[in-house]
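**Q** Everything below, folded, please.
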Amino acid sequence: MKHRRPVGGASGEGPPVPAQLLSAYKAAPSRLRGSLREERWAPEQQIGLYPELSRGVSRMWTGTLPALLASLLTSALASRFLDAKWEAWKTKYGRAYTTPEEELVRRERWQTNWKMVVDHNKQADLANRTYRMALNHFADRTRSELESMSCLKIPTIKPKSVSKRWSAHTLPAHVDWRDENCVTSVKDQGNCGSCWAFAAVGALESRYCIKTQELIEMSEQELVDCDGTDDGCCGGFPYFAFRYLSDHGIMAASDYKYKARLGECRLKNNKAIAMNMSKFYAMDGEENMAAAVATDGPVTVGFAVTMNFFFYSEGIYDDECDVPPNHAIILIGYGTEDHEDYWIIKNSWGVDWGEEGFGKIRRNANVCTIGQIGSSMDLL
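**A** Just a heads-up that it's a prediction; the model follows:
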């Protein structure tokens, strides 16, 4: 795996010190505070992780005070630090739990994810990772809850593959359909396994715009409710969604709003936008996909999501995945940065994920199966 320069802030930087931690610092003996300043851990600067603080306190107090006392003070500082971070996170995302027991469980999950994110970003600071992570709205979710959002269903019978192959010899070096104002805003699928619907609709919105110069927000909820071949909030496959859209068209999102749950089909034919599709098809191979994106527009792909991807925040994602494709995303462009080829993707996890809902994934390495299962459509 290739490694690049650190992404984001300089090595050793951490979050600003919370007021509670400053209070604990000021309450510490003056000898300890003087030593902390000598060690560059003054409150006016930024403290990093409490393990570093623990080692520093232990060094300063060796042979002076019992190690147990040093450990107790470090634990108190660490606890106040994490308490402040937890309260700030709950406020940001409007979390309120029904019982103290539930909050305890969520806090433990949040703290596990917090440590994972911080450990990863330390490696990014050392240029050992090509992307950074951040605590977002997923931070208190359990693994099973997160996995329920990744509901791509790969058909047992291979769908019809595209018969044409695009030439990759004359492709532009950089493509981003946002530059042409042909990518709609990022959506949030919520607690519904409807990634397949968001991927299909997002690709269709862009290709419709490329054909007509009209960018319309279209209804994912129509697919969730009305596409009987797929399975609503329990998963689906964009290829089959394109087949439904070819037959029935699609209503605007303003006429058929997203509910993040399966409901009765409320399609109104007189309000549906007809989709004159000449074909819909599957494709594979990243070179083929890049040519399709550059020539015709965005393409949906299957992607193998693991825990790190839920907390991706910036940089070029490049990880090993030990699961089959379980999520659908959209390739809206590609490029190269520091000699590293990447895809530009649009996700359906809201603007707090990634780079305001978008991201970059290493290209031409089949990262997490991104080059194996693509699908799209041609509009007349």
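
**Q** Who are the contact partners of Glu337?
**A** Contact partners of Glu337, counting by CB atoms under 8 Å, 6 or more residues apart in numbering, are Ile316, Lys360. Backbone N, C-alpha and C define where each C-beta goes, glycine included.

**Q** what about it, distance to Arg362?
**A** 10 Å (CB to CB, to the nearest Å).

**Q** what touches both of these two?
**A** By CB under 8 Å, 6+ apart, the residues touching both Glu337 and Arg362 are Ile316.

**Q** in the stretch 251-380 of the chain, which spans are strands?
**A** With DSSP state E, counting those that start in this stretch, the ranges of strands along the stretch 251-380 of the chain come out as 277-283, 299-303, 312-317, 327-337, 340-346, 358-362, 374-379.

**Q** Quick check: mean pLDDT of the first one?
**A** Here the mean pLDDT over strand 277-283 is 88, rounded to a whole number.

**Q** what about the strands of the stretch 251-380 of the chain, which gets the closest to Glu103?
**A** Among these, strand 312-317 comes nearest to Glu103, with 25.3 Å by CB to CB.

**Q** Just the residues contacting that closest one, thanks.
**A** With CB under 8 Å, 6+ apart, strand 312-317 has contacts from 4, 7-8, 124, 129-134, 136, 309, 337, 340, 342, 353-355, 359-362, 367.

**Q** filter these to the buried ones?
**A** Using 16 or more other CB atoms under 10 Å as the burial test, the contacts of strand 312-317 include 4, 7, 124, 129-134, 136, 309, 340, 342, 353-355, 359-362, 367 as buried.

**Q** Cross the residues you listed against helices and list the overlap.
**A** If you go by DSSP state H, the buried ones among the contacts of strand 312-317 have Ala124, Phe309 in helices.

**Q** contact partners of stretch 251-262?
**A** When contacts are defined by CB under 8 Å, 6+ apart, stretch 251-262 is touched by residues 187, 189-192, 194, 216-222, 224-225, 232-233, 266-268, 271-273.

**Q** The spatially closest residue to Glu286 that is not a sequence neighbour and Ala203, how far apart?
**A** Nearest residue to Glu286 in three dimensions, chain neighbours excluded: Gly371, at 3.9 Å (CB to CB, 6 or more residues apart in numbering). From Gly371 over to Ala203 the distance is 16 Å, taken as CB to CB.

**Q** repeat for Ile332
**A** Ile332 is 9 Å from Ala203, by CB to CB.

**Q** how long is stretch 349-364 from one end to the other?
**A** 25 Å (CA to CA, to the nearest Å).

**Q** was I right about Cys192 contacting Cys233?
**A** Yes. Contact status for Cys192 versus Cys233: in contact at 3.9 Å, counting by CB atoms under 8 Å.

**Q** higher neighbour count, the two?
**A** Cys192 (24 against 20; other CB atoms under 10 Å).

**Q** overlap in contacts of Ile332 and Ala203?
**A** Common neighbours of Ile332 and Ala203 (criterion: CB under 8 Å, 6+ apart): Pro298.

**Q** who's more crowded, those two?
**A** Ala203 (29 against 23).

**Q** Quickly find the element holding that one.
**A** Ala203 is located in helix 195-212, with elements delineated by DSSP states H and E.

**Q** helices and strands around that helix, which ones?
**A** Judged by 3 or more CB pairs under 8 Å, 6 or more residues apart in numbering; DSSP states H and E, helix 195-212 is in contact with helix 220-226, helix 238-248, strand 299-303, strand 327-337, strand 374-379.

**Q** returning to that earlier point: what degree of burial does the residue nearest to Glu286 show, as a neighbour count?
**A** Neighbours around Gly371, by other CB under 10 Å: 22.

**Q** ok, now which ones touch it?
**A** Counting by CB under 8 Å, 6+ apart, Gly371 touches Asp284, Gly285, Glu286, Met289, Val301.

**Q** need those residues in a markdown table with distance to Glu147, can you?
**A** Output for the contacts of Gly371, formatted as a markdown table (distance: CB to CB, whole Å):
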| residue | distance to Glu147 |
| --- | --- |
| Asp284 | 25 |
| Gly285 | 28 |
| Glu286 | 26 |
| Met289 | 26 |
| Val301 | 19 |
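
**Q** Among the residues you listed, which one sits closest to Gln111?
**A** Closest to Gln111, out of all of the contacts of Gly371 and judged by CB to CB, is Val301, at 33.4 Å.
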